[in-house]
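Peer 1: model this:
(chains A and B)
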Amino acid sequence: DAGITQSPRHKVTETGTPVTLRCHQTENHRYMYWYRQDPGHGLRLIHYSYGVKDTDKGEVSDGYSVSRSKTEDFLLTLESATSSQTSVYFCAAWGTGNSPLHFGNGTRLTVT
Amino acid sequence: AQTVTQSQPEMSVQEAETVTLSCTYDTSESDYYLFWYKQPPSRQMILVIRQEAYKQQNATENRFSVNFQKAAKSFSLKISDSQLGDAAMYFCASDGGSQGNLIFGKGTKLSVKP
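Peer 2: Residues are numbered from 1 along each chain as shown, chains lettered A, B, ... in the order given. This is a model prediction of the structure:
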């Protein structure tokens, strides 16, 4: 949707290992977001970016870091994955003005 | 803190009939957007409809319409002439005045019976 690609689509990893999820957008949107989706919680904001190298924390940022070195790429890193980080992760992007928020197709991460 | 509440975890509707999904929210902002997103089994998040709080007229998109009651902080979604393809999770969300920093409800799972 709106040129947002998430990779990988699925990932299984072990507790304690580092994991990086990638979000790539082709629409030159200024704002990008990482959400996680868990049963019974809807989607919750992890981190967001309002420009290159400009990021801020969301509601559930503990255990996550992000980086944005280029407009088109927004990376989410789990420094040391835990089982509580098993979730579906969505990237989203928004330009300005009247455009709505567009989502990628999600990454299902399983931490064993 | 901003909150969005969907009080119906599951709903069911007969094909071709009408169903209304409920949503209430809380924000201290005076200007904000409200959204309904659809998530089919494919996991894709699809924007169904959007409402600007300063617009009194209820938004409509084909078979989808909202009943926006600003004073009551209520934002329900009405689906008319329900189709099998409408079966999905529906999420209500508010941006609280900051587009993109959405606060989501927990979702309503809609089933459509043939």
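Peer 1: for the residue positioned nearest the centre of chain B, what are its contacts?
Peer 2: What sits nearest the mean C-alpha location of chain B, by CA atoms, centre = their mean, is B:W36, with 3.3 Å. The contact partners of B:W36, by CB atoms under 8 Å, 6 or more residues apart in numbering or on different chains, come to B:21, B:23, B:47-50, B:64, B:66, B:75, B:77, B:90-93. Quick note: C-beta positions are derived from backbone N, CA and C, even for glycine.
Peer 1: what about 7 Å?
Peer 2: B:V48, B:I49, B:L77, B:Y90, B:C92 (CB atoms under 7 Å, 6 or more residues apart in numbering or on different chains).
Peer 1: and the second one, what helix or strand is that in?
Peer 2: Okay, so that is B:I49. strand B:46-52 (DSSP states H and E).
Peer 1: neighbours around the residue nearest to A:E14 when sequence neighbours are not counted, how many?
Peer 2: Nearest residue to A:E14 in three dimensions, chain neighbours excluded: A:T112, at 5.7 Å (CB to CB, 6 or more residues apart in numbering or on different chains). By the measure other CB atoms under 10 Å in any protein chain shown, the count of residues near A:T112 is 9.
Peer 1: What of B:E10?
Peer 2: 10.
Peer 1: cool, A:S83 as well?
Peer 2: Around A:S83 there are 9 residues (other CB under 10 Å).
Peer 1: show me what contacts the residue nearest to it when sequence neighbours are not counted?
Peer 2: Distances taken as CB to CB, 6+ apart put A:V111 closest to A:S83, at 5.1 Å, once the chain neighbours are dropped. A:V111 makes contacts with A:T13, A:T15, A:A81, A:T82, A:S83, A:Q85, A:T86, as judged by CB under 7 Å, 6+ apart.
Peer 1: Kindly report the same for B:A16.
Peer 2: Here B:A16 is in contact with B:D81, B:S82 (CB under 7 Å, 6+ apart).
Peer 1: Please identify which helix or strand holds it.
Peer 2: Assigned by DSSP H and E, B:A16 falls within no helix or strand.
Peer 1: where does it land on pLDDT?
Peer 2: Note for B:A16: predicted pLDDT of 97.
Peer 1: can you tell me how far it sits from B:L110?
Peer 2: Distance of B:A16 to B:L110, given as CB to CB, to the nearest Å: 14 Å.
Peer 1: Spell out the residue ranges of the helices in chain A.
Peer 2: All residues of chain A lie outside helices when identified by DSSP state H.
Peer 1: Spell out which parts of it neighbour chain B.
Peer 2: Residues of chain A found near chain B (CB under 7 Å from any CB of the partner chain) are A:1, A:31, A:33, A:40-43, A:45, A:48, A:88, A:90, A:92, A:94, A:100-101, A:103, A:105-106.
Peer 1: Lovely, talk soon.
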